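**Student:** What follows is a predicted protein model with its sequence.
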Number of protein chains: 2
Amino acid sequence: MNEFTSLTHLVKRIADSTVRRLSAYLRFLEDFENRGLSTISSEELAKRGGTTSAQVRKDLSFFGSFGKRGLGYSVPELAGRLREILGLGREWRVFIVGAGKIGAALAQYRGFRQRGFTILAAYDNSSDKIGKKLDGVAVRDIEHLERDIQREKPDIVVLTVPGDQAQKVVDRVVKAGVRAILSFAPTQLHAPADVAVKTVNMAMELEGLSFALTNRD
Amino acid sequence: MNEFTSLTHLVKRIADSTVRRLSAYLRFLEDFENRGLSTISSEELAKRGGTTSAQVRKDLSFFGSFGKRGLGYSVPELAGRLREILGLGREWRVFIVGAGKIGAALAQYRGFRQRGFTILAAYDNSSDKIGKKLDGVAVRDIEHLERDIQREKPDIVVLTVPGDQAQKVVDRVVKAGVRAILSFAPTQLHAPADVAVKTVNMAMELEGLSFALTNRD
DNA sequence: AGTTGTGAAGGTCTTCACAGCG
DNA sequence: CGCTGTGAAGACCTTCACAACT
């Protein structure tokens, strides 16, 4: 694989864990960029990311050869490559469905905008919330969800509705054409294979800690 | 391995993915319990959890033999076993550090109490917030964090401070004796090996979706 | 000399497939 | 007969170790 390899037909399926690490590397590189440093070795990236230098080089090798032997990686170049690989060179349009506390917390989250994720609108079924604003984001009637998806073509739907309504909303937005969902509902969601679904499940994380605390040697 | 196997000296290290699935199985079993169903097969559990029946049986087999051949699993019995395995048979004491929007969303999250996680207090460094309540949870001065950890012995600290303060807080609470942390900061945290750290990183999840949307066939 | 890029080895997790038991 | 429990096989991911290059 060389530097001209197109990202649009990857030879190998890329592991989720690899993508998560690339995301982490990018964050460190941006730190380095801000501090004006110009090169970095796989060893330094590894130390920050809690992994090994071999892992860093392997992760990057799936996408090309970005380093210089004996020197390391150019910080701005590698950051640029990672942004390109992760698809961060464009705007991603986001709808938030569910204007409760978590929806509100996300609406004001600066990380979205910083990375090119634009929140177009939020949706709710409560008349108390419809028509109001959530940190500058308009809350609309969930009745109009399908219509608005067709009109405004969001790329990603962030789901912050109660668990018992989550699957219903997934079915609706998938039918309307959405192909990526980030859910905060504590339920297993089912969607067609061509829809990317990520779930952040607080209950599961807490139980993971409970397990870890319980099963110590 | 038989039903008397002690959970306190597991033969094998249990994979994180296994623990996450156990957590999911428990949720389905509670659903089944509420509907009054008495037995369930590995196949049914698998369908709900988006996995395979072999995976379900393998996951459970690390902890014992809970099923009846030809029949399946007793719903209440298996639910009880999973609660025991996950360490949910007791109260877990939680401090929230960071009383911003995410901290507030967590303070009101019902899932905590339902599973035996009791939020004792929240901490912040802003005088606007100290002394106020966050959905019934008192907000205290972060100055008193170490003193209060020693007094009230929380099992888990939930971290919802800005990224640039997260590592500092980790160092403080670890030094004060905390052995489990759930962080919402978008940074890599470093802690000793005997401290369980889970990180929920929104930025990473979004970038995972961006990658998935970008690298389709 | 120093660091990358990568086949090969090693380790972990998932799936298979069937013996064993109810 | 049906479904579990589990070794063995297979797939996947990480680590090793070194040739290749600057």
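**Tutor:** Yes, it's here. Predicted, not measured: the structure shown is a model, and the values here were computed from it.
**Student:** would you list every one of the strands in chain A?
**Tutor:** Across chain A, reading from the start of the chain, the strands by DSSP state E fall at A:39-40, A:67-68, A:72-74, A:92-97, A:117-124, A:133-134, A:137-141, A:156-159, A:180-183, A:196-199.
**Student:** for chain A, which helix is longest?
**Tutor:** Identified as the longest helix of chain A according to DSSP state H is helix A:16-34.
**Student:** Check whether that helix comes near DNA strand C.
**Tutor:** No. Using CB under 7 Å from any atom of the strand, helix A:16-34 stays clear of DNA strand C, coming no nearer than 10.3 Å. C-betas here are computed from N, CA, C, even on glycine.
**Student:** Mind listing what's buried along that helix?
**Tutor:** By 16 or more other CB atoms under 10 Å in any protein chain shown, the buried positions in helix A:16-34 come out as A:18-30, A:32.
**Student:** what's the domain layout of chain A?
**Tutor:** With automatic domain parsing as the criterion, the domains of chain A are listed as A:7-85, A:92-204.
**Student:** Tell me which of the ones you listed approaches B:G177 most closely.
**Tutor:** Ranking the domains of chain A by proximity to B:G177 (CB to CB) places domain A:7-85 first, at 22.7 Å.
**Student:** near DNA strand D, anything from the closest one?
**Tutor:** Yes. Counting by CB under 7 Å from any atom of the strand, DNA strand D is contacted by domain A:7-85 at A:13, A:15-18, A:51-52, A:54-55, A:57-58, A:68-71.
**Student:** what mean pLDDT does that domain have?
**Tutor:** In this model, domain A:7-85 has an average pLDDT of 95.
**Student:** Find the nearest non-adjacent residue to A:E43, please.
**Tutor:** What sits nearest to A:E43 in space, not counting adjacent residues and going by CB to CB, 6 or more residues apart in numbering or on different chains, is A:S53, at 4.4 Å.
**Student:** My read is that A:G50 contacts B:Q188, right?
**Tutor:** Yes. Proximity of A:G50 to B:Q188 meets the contact threshold set by CB atoms under 8 Å, at 5.9 Å.
**Student:** Look at these two and report which has more neighbours.
**Tutor:** Looking at A:G50 and B:Q188 with other CB atoms under 10 Å in any protein chain shown, you find the greater number of neighbours at B:Q188, namely 19 against 13.
**Student:** can you pull the contacts of the more buried one?
**Tutor:** Applying CB atoms under 8 Å, 6 or more residues apart in numbering or on different chains to B:Q188 gives the contacts A:24, A:27-28, A:48-50, B:199.
**Student:** To what extent is the residue nearest to A:E43 buried, counted in neighbours?
**Tutor:** Burial measure for A:S53: 14 neighbouring residues, criterion other CB under 10 Å.
**Student:** Thought A:R172 was touching A:L145, still the case?
**Tutor:** Yes. Here A:L145 reaches A:R172: they are 6.2 Å apart, a contact under CB under 8 Å.
**Student:** pretty sure A:A105 contacts B:I102?
**Tutor:** Yes. Distance between A:A105 and B:I102: 4.8 Å, which falls inside the contact criterion (CB under 8 Å).
**Student:** about what we covered before: same list (the buried residues of helix A:16-34) but as TSV, adding distance to chain B.
**Tutor:** Shown next, in TSV, are the buried residues of helix A:16-34 (distance: CB to the nearest CB, whole Å):
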residue	distance to chain B
A:T18	10
A:V19	5
A:R20	6
A:R21	9
A:L22	8
A:S23	4
A:A24	6
A:Y25	10
A:L26	8
A:R27	7
A:F28	8
A:L29	13
A:E30	11
A:F32	14
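**Student:** closest to B:L209 among those?
**Tutor:** Taking those together and measuring to B:L209 by CB to CB, the closest member is A:V19, at 9.9 Å.
**Student:** Distance of that closest one relative to A:R35?
**Tutor:** From A:V19 over to A:R35 the distance is 26 Å, taken as CB to CB, to the nearest Å.
**Student:** so where do the helices sit in chain A?
**Tutor:** For chain A, the helices defined by DSSP H occupy A:16-34, A:42-49, A:53-61, A:75-85, A:101-107, A:110-114, A:145-152, A:163-175, A:202-214.
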